[in-house]
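Novice: Have a look; sequence and predicted model below, questions after that.
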Amino acid sequence: MRLITIFIFLFITSISAEEPSKELNKKLDIVIPEVKFEDVRFKDAIDQLRELSKRYDPGKTGINIIYLDKKITQRVVNQEAPEEDDPFAEADPFAEDDPFADPNAPRGELEKERGLLVTLDAEEIPIRDCFKYICDNVNAQYRYDKNAVVVSPSATPPICDGWNFSKLKDKNEDLTYRIKQLQKELALIKAIQNLPKPEDKNIETLNENIVFPKVRFQNASLSFVEEYIERQSALLSKNKEKISVAIYIPADVKLEKVNIAANNISAQDLAKYVAEQLKVNTSIEEGEICFREKKPKLKVTRKYKLSKKEFFLLYGYGDQLFSKLEKYGLTFSGNAGVSFNGKIKEITLHNTKENHDKLKKILELIED
């Protein structure tokens, strides 16, 4: 029973934004003879997994893992000085001395407080499953992009809290109820994944596919990223021509800092992940990388009465419901929100038309 629960939970937490390429799928199926972590920092576990993927990959290239740290709250201390011959060198977030850790705290205390310590003991395990169990350990987010695996620590409560097994036990001792709910949850996830995907309007690509061997951004500004891409692309280009970057964002718009660690990443993919973290738009226009402000969309409030089937799958309050709808593809930004009234079986959603349409589609899928 427990194995079934874990499998379904892990499937839900890894909905892919893109279909991984055949090459990436092949690497994800590589079997590691032994993986053993005991109270290992999440960053270190991901770093070791990267090295294991290289070691057991016949091509010795391994899996490209993109590490996005979306919220860093600790102050920077003892940051390594950049190398003189590399003006864009940054302290390695996977290094043994974590520049974001409190130097006065015992090793692992900060991670323990944030729930970022990994314990895993397995033999003959595919790398694909390693990602599942490691991220499950710390409630981290991960997804498969076309050519990379993207991981990120998350403060979002586990989606499994939405089911709250202990409360279910008090309400219903019948274990078949839980299994039935999880099976229907899995069927809904599969149905959502099979929906037609919107066409990508940004079909233009860069003329030259330049790959940056190692990128380490810590609290970097967008202007720094712009300078980095232009300078490094000129150094790596065969004809020494840089990739131009244009920022069409008003100076008074406050942007977050960029925290990305990646190896062997193309300029186009790097721009995509930077835009994702800064919540801005990016596109390729006439061979130039462009960043533009995301215009806030009008939000409306609507109420949705739930049928018995819909209530069965969407039951949850607060962060539980919020997390569940996010996993189903809804996005929440600005003052967007959702509430649940269990007495009258009603959901109130304050969001954009696009997200209301998504919720309607989800409710249709549940009824089918």
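Specialist: That came through fine.
Novice: Not including adjacent chain positions, what is the nearest residue to Val151?
Specialist: Nearest residue to Val151 in three dimensions, chain neighbours excluded: Tyr142, at 4.6 Å (C-beta to C-beta, 6 or more residues apart in numbering). Yep, even glycine has a C-beta here, placed from its N, CA and C like the rest.
Novice: Surely that neighbour forms part of a strand?
Specialist: Yes - counting by DSSP: H, G, I helix; E, B strand; the rest coil, Tyr142 falls inside a strand.
Novice: Leu363: what's its closest spatial neighbour, skipping adjacent residues?
Specialist: Nearest residue to Leu363 in three dimensions, chain neighbours excluded: Glu310, at 5.6 Å (C-beta to C-beta, 6+ apart).
Novice: Tell me, how many residues neighbour that neighbour?
Specialist: Using other C-beta atoms under 10 Å, Glu310 has 18 other residues around it.
Novice: neighbours around the residue nearest to Val151, how many?
Specialist: Quick note: Tyr142 (other C-beta under 10 Å) scores 21 neighbours.
Novice: pretty sure it contacts Cys130?
Specialist: No - here Tyr142 does not reach Cys130: they are 10.6 Å apart, not a contact under C-beta atoms under 8 Å.
Novice: ok, back up a step: over to the residue nearest to Leu363. Which of the three states is it?
Specialist: With three-state DSSP as the criterion, Glu310 reads helix.
Novice: Tell me the confidence at it?
Specialist: Here, the pLDDT recorded for Glu310 equals 82.
Novice: Do I have it right that it meets Leu365?
Specialist: No - if you go by C-beta under 8 Å, Glu310 and Leu365 don't touch, sitting 10.0 Å apart.
Novice: mind listing the helices in the stretch 251-368 of the chain by residue range?
Specialist: 267-278, 308-314, 319-327, 353-367 (DSSP state H, counting those that start in this stretch).
Novice: now for the last one, which elements pack on it?
Specialist: Applying 3 or more C-beta pairs under 8 Å, 6 or more residues apart in numbering; DSSP states H and E, one finds that helix 353-367 contacts helix 175-193, strand 299-305, helix 308-314, strand 346-352.
Novice: Let me know the angle separating it from strand 299-305.
Specialist: 20 degrees (axes from the mean of the first three to the mean of the last three C-alpha atoms, to 10 degrees).
Novice: circling back: what's the distance between the residue nearest to Val151 and Asp57?
Specialist: Going from Tyr142 to Asp57 by C-beta to C-beta, to the nearest Å gives 19 Å.
Novice: tell me the SS of Gly59?
Specialist: Applying three-state DSSP: Gly59 is coil.
Novice: on that earlier part again, looking at the helices and strands packed on helix 353-367, which is buried most?
Specialist: Among those, strand 346-352 has the highest mean neighbour count (mean count of other C-beta atoms under 10 Å), at a mean of 19.
Novice: related to what we said a few turns ago, closest to Pro33 out of the helices and strands packed on helix 353-367?
Specialist: Ranking the helices and strands packed on helix 353-367 by proximity to Pro33 (C-beta to C-beta) places helix 175-193 first, at 30.2 Å.
Novice: helix or strand right after that closest one?
Specialist: Using DSSP states H and E, the helix or strand that directly follows helix 175-193 along the chain is strand 211-220.
Novice: That following strand to helix 267-278, inter-axis angle?
Specialist: Relative orientation of strand 211-220 versus helix 267-278 (the same axes, to 10 degrees): 20 degrees.
Novice: give the contact list for the closest residue to Thr301 other than its chain neighbours.
Specialist: Sequence neighbours aside, His350 is the residue nearest to Thr301 in space, at 4.5 Å (criterion: C-beta to C-beta, 6+ apart). By C-beta atoms under 8 Å, 6 or more residues apart in numbering, the contact set of His350 is Lys299, Val300, Thr301, Asn335, Ala336, Gly337, Val338.
Novice: nearest to Ser323, of these?
Specialist: Once C-beta to C-beta is applied, the member of these that ends up nearest Ser323 is Val338, at 10.5 Å.
Novice: The nearest residue to that closest one once chain neighbours are set aside and Lys360, how far apart?
Specialist: In space, and not counting its chain neighbours, Val338 is closest to Leu349: 5.1 Å by C-beta to C-beta, 6+ apart. Taking C-beta to C-beta as the measure, Leu349 falls 10 Å from Lys360.
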